[in-house]
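S.K.: Here's a sequence, model it:
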Amino acid sequence: MSAIKSHYSCAEEMNAVGVRELAAALNTTERTIQQWVKNGKLPKSTRHVSNGGRPAMRWEINSLPQDIKSLIKERALHALVKAVPVVPLPQPATAITVATPINSGELKDWQRQTADARAAICAEVRRLAAAGGIERAIRMVIDLAERGGLAPHLQRLVTVANAKAGTQRALSRGTLYRWLNESQGGWVRLAPKSREAAAIPAWAPYLLGLYQQPQKPGLAYCLERLPATLPPAITAPSYAAANRFLKKMSKTEIQRGRMGSREIKTILPFVRRDTSQMWPDAYTADGHTFDAEVAHPAHGKAFRPEITTVLDIATRKAVGWSAGLAESTWAVLDALRNACENCGIPSIFYADNGSGYKNEAMGDEATGFMERLGIELTHSLPYNSQARGIIERSHQTIWVRGAKTLPTYMGAPMDAEARQKVYKLTRADIKTSGTSRHLMGWQEFVGWCQQQVDAYNDRPHRGLPKVRGEDGKQRHQSPNEAWAQAIAEGWQPTPVKPQDADDLFRPYKTCKVNRGEIRLFGNLYFDKNLEHYHGETARVGYDIHDASRIWVRDQDGRLICVAGFEANKRSYFPESFSAQAAQKRATGRIKRAQVKIDEAEAELNPQQMIEYQPAAELAPLQIEHAGLLDITRSETMPETNIAPLPERAGVRPWFTSDMQKYRWLMKNKDAWARKDAADLLAYVRGWQYHDMLEPFAYEGLVWAGSDAEKAQEILRSEEELAER
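M.R.: As a prediction, the model looks like this:
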């Protein structure tokens, strides 16, 4: 029986069916019902019905005696409890029926579990209240919960619903009434409040002052220093309390001070730039120091070149590149020239604020490349490399990935022992033969770079849309495929005309014309057509590799003449700009090397501090052969004074290093002895001489063939003398 009926029947002749029905409701026997009817405990029936052709009686429930009616309800509730079905807990989306200011998204897991358990118990109370009333249902649930008589799934939820420590937890009348009232506002109202304290501890600002430092100190170190900074009224926290407080703070705010304004950008939210609606007419460029060593094109020694890459933003295609000895304006312009000649002139050129991109040659309104090519030059914010993530990532994909295939890879992932071994091998080879088989030659390196760019443009790129390949599988487009798709959809690049290619990428400067001459980089250029422009300024174009001529244009851009080299006060032959730059770079390196040499010699010969000593009377010096010392007496000095000894040329000092001995012997070649000749021949074959070759050349002390012949002659003459 799942509910209380409104009527129960009993036949006048003690109908068996009616008796069994009422007996089941009262949980008694049929004989007891018969005795109640005979004794008048049950009232007369209020309604006659036909039961299978035989007369029968029915009673309304309210007409029964109070004790029988209470007993019937009690038995019906027990029957409902035993017949309770196992149903899933109510879901928040269906339980919330009334708007509430509480945000369910802010609840923690334990709060959600508690709210679910309370909602399930409230649902059970309402189900029983439909049979016996709310008060009787609450009392029965409390009694059954204490005795463990609830359904198993509800009995387990009693402890969860209390949300208190301990497993022996019971329900109370007031608690159930409160849950029933709160559940009217929705499931989320049953969630308990968080037990977290909202107040910030008094010691927190002092702890953060020590913890949020760029040195990134540890928490234990900060707690050691904290008592010295706290006021007397504030007690220092324990390590556990301080650690709990730091864990509750925002992951970004806790790093304020420990990370600078540039570094903290790596953990802050960012905006992803969408390039799906762009045409391939915006280029970006950046330089990258190659992570492997190659042979220098001038002297063959190991060095790391600078590679400038130009990428199209929309298709991620590497449209141009350039390799140079160092990052400079000319390397950037060469990469831009390569990009424009291969894939067309862009509308926008996006770069950083480096000196290679922000200079007169690039941005000048009259002579700058951007103005002459019709390109809008745009710079990113300073120290904001995240804004140029496309070009920054390409370094890893193209150059770092390729550098890892070379034996001279010098990146951080390279094993330190293997890197040191290759370093020693290349240096040893260079000292003996001037080059190394482990180093890639410059021309070979240039061809290798083009192979890496071609492979990158044909490789699927995850920043491009997906397509279905020939094998039927989905994959990302390659940059070449994205470029071809843009052309197929109607976009056309702006090509560079062959007749304009040379002059378009030639750098220009503004110079003054004086009597038909123009001075550029210390060289003088002359043309008779310039006589009409005396005192005016003109735009002068030049070739960075050829200083034999210049191209002169007026302020409107019309070509006046091609002026040739006429005179140069600094050199009889013209010196190109690139040669001047190489000479300047070499001179600076020599000066820096000389500073290191002087420091090393000063360490070997420290300045001695002479303490004052009283003068001692010495006996007169007796010299038997004064003429040998070449002593001369001054006529103007008193007779008792002796003139100081002049420094004799060729007097051999005490040598503290092989380098010092080499310098002195090269300046005093007449003082060479047999051992000196042997030492010199050994020294010039060693690594130290080759490392110091540039400083020796600057001082005019380079070992020549005549020096070698002289040393060999000294050795031969000494050997002949010994044989005699």
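
S.K.: Enumerate every residue touching the closest residue to residue 345 other than its chain neighbours.
M.R.: Of all residues not flanking residue 345 in the chain, residue 494 sits nearest, at 4.5 Å (Cβ to Cβ, 6 or more residues apart in numbering). Every residue, glycine included, has its C-beta placed from N, CA and C. Counting by Cβ atoms under 8 Å, 6 or more residues apart in numbering, residue 494 makes contact with 281, 344, 345, 346.

S.K.: confidence score at residue 494?
M.R.: On pLDDT, residue 494 comes in at 87.

S.K.: On the three-state scheme, it is what?
M.R.: Classification of residue 494 using DSSP: H, G, I helix; E, B strand; the rest coil returns coil.

S.K.: Go ahead and flag the most central residue of this structure.
M.R.: In the chain, the residue lying closest to the centroid (Cα atoms, centre = their mean) is residue 266, at 5.9 Å.

S.K.: So what does the residue nearest to residue 345 have for phi and psi?
M.R.: Taking degrees, to the nearest 10, you get phi -90, psi 100 for the backbone angles of residue 494.

S.K.: burial measure for residue 323, as a count.
M.R.: Using other Cβ atoms under 10 Å, residue 323 has 20 other residues around it.

S.K.: ok, now which ones touch it?
M.R.: 290, 305, 306, 307, 308, 331, 445, 446, 449 are the contacts of residue 323 under Cβ under 8 Å, 6+ apart.

S.K.: now these as TSV including neighbour count and secondary structure?
M.R.: Formatted as TSV, the entries for those read as follows, by neighbours: other Cβ atoms under 10 Å; DSSP: H, G, I helix; E, B strand; the rest coil:
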residue	neighbour count	secondary structure
290	24	coil
305	22	coil
306	18	strand
307	23	strand
308	25	strand
331	21	helix
445	19	helix
446	16	helix
449	20	helix
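
S.K.: from the residues you listed, which is closest to residue 659?
M.R.: residue 305 (31.2 Å; Cβ to Cβ).

S.K.: Against residue 295, how distant is the closest one?
M.R.: Note on residue 305: its distance to residue 295, by Cβ to Cβ, to the nearest Å, is 10 Å.

S.K.: what is in contact with those two at once?
M.R.: residue 445.

S.K.: Name the nearest residue to residue 368, ignoring sequence neighbours.
M.R.: Here the residue nearest residue 368, using Cβ to Cβ, 6+ apart, is residue 362, at 5.6 Å.

S.K.: tell me, how many neighbours does that neighbour end up with?
M.R.: Residue 362: 22 neighbours (other Cβ under 10 Å).

S.K.: what sits against it?
M.R.: 329, 332, 333, 368, 369, 370, 377.

S.K.: among those residues, who's most crowded?
M.R.: residue 332 (27 neighbours).

S.K.: quick revisit: specify which member of the contacts of residue 494 is nearest to residue 474.
M.R.: residue 281 (28.3 Å).

S.K.: can I assume that closest one is in contact with residue 349?
M.R.: No. Taking contacts as Cβ atoms under 8 Å, residue 281 lies outside contact range of residue 349: 10.4 Å.

S.K.: In three-state terms, how would residue 484 be classified?
M.R.: helix.

S.K.: how far away is it from residue 155?
M.R.: Residue 484 is 70 Å from residue 155, where distance means Cβ to Cβ.

S.K.: go on, residue 446?
M.R.: 80 Å.

S.K.: now residue 661
M.R.: Counting by Cβ to Cβ, the gap from residue 661 to residue 155 is 99 Å.

S.K.: Over to residue 270?
M.R.: 51 Å.

S.K.: Counting neighbours, go ahead and name the busier of these two.
M.R.: residue 155 (14 against 11).

S.K.: Please list all residues in contact with the more buried one.
M.R.: Neighbour list for residue 155: 145, 148, 149 [criterion: Cβ under 8 Å, 6+ apart].

S.K.: cutoff 10 Å now
M.R.: By Cβ atoms under 10 Å, 6 or more residues apart in numbering, the contact set of residue 155 is 144, 145, 147, 148, 149.

S.K.: My read is that residue 553 contacts residue 563, right?
M.R.: No. Taking contacts as Cβ atoms under 10 Å, residue 553 lies outside contact range of residue 563: 11.2 Å.

S.K.: Common neighbours of those two, please.
M.R.: By Cβ under 10 Å, 6+ apart, the residues touching both residue 553 and residue 563 are 538, 540.

S.K.: between these two, who's got more neighbours?
M.R.: residue 563 (24 against 17).

S.K.: Next, the more buried one: secondary structure please.
M.R.: strand.

S.K.: Surely it is in contact with residue 527?
M.R.: Yes. Counting by Cβ under 10 Å, residue 563 touches residue 527, with 4.0 Å between them.

S.K.: Pull up the overlap in contacts between these two.
M.R.: Common neighbours of residue 563 and residue 527, counting by Cβ under 10 Å, 6+ apart, are 513, 516, 517, 518, 549, 550, 552.

S.K.: for residue 514, phi and psi?
M.R.: According to degrees, to the nearest 10, residue 514 has phi -140, psi 110.

S.K.: Residue 411: how many residues sit nearby?
M.R.: 12.

S.K.: out of the shared contacts of residue 563 and residue 527, who has the most neighbours?
M.R.: Among those, residue 550 has the most neighbours (other Cβ under 10 Å), with 26 neighbours.

S.K.: Looks like it contacts residue 517 (just checking).
M.R.: No. Counting by Cβ under 10 Å, residue 550 does not reach residue 517; the two are 11.2 Å apart.

S.K.: any shared contact partners between these two?
M.R.: The contact lists of residue 550 and residue 517 share 511, 525, 527, 563, where a contact means Cβ under 10 Å, 6+ apart.

S.K.: Buried only: go through those for me.
M.R.: 511, 525, 527, 563 (16 or more other Cβ atoms under 10 Å).

S.K.: wait, isn't residue 258 in contact with residue 211?
M.R.: Yes. Shown here, residue 258 and residue 211 form a contact pair, counting by Cβ under 10 Å, at 7.5 Å.

S.K.: So, low pLDDT: which residues of the stretch 151-300 of the chain?
M.R.: By pLDDT under 70, the weakly predicted segments of the stretch 151-300 of the chain are 165-169, 194-198.

S.K.: mind listing the strands in it by residue range?
M.R.: Assigned strands in the stretch 151-300 of the chain, in chain order: 282-289, 294-295 (criterion: DSSP state E, counting those that start in this stretch).

S.K.: Arrange the ones you listed in TSV, one row each, with mean neighbour count as further columns.
M.R.: Below are the strands of the stretch 151-300 of the chain laid out as TSV (neighbours: other Cβ atoms under 10 Å):
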stretch	mean neighbour count
strand 282-289	22
strand 294-295	22
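
S.K.: mind checking which of these is nearest residue 413?
M.R.: Across these (criterion: Cβ to Cβ), the nearest stretch is strand 282-289, sitting at 15.8 Å.

S.K.: which secondary structure elements does that closest one contact?
M.R.: With contacts taken as 3 or more Cβ pairs under 10 Å, 6 or more residues apart in numbering; DSSP states H and E, strand 282-289 sits against strand 306-312, strand 318-324, helix 329-343, strand 348-351, strand 376-379, helix 389-394.
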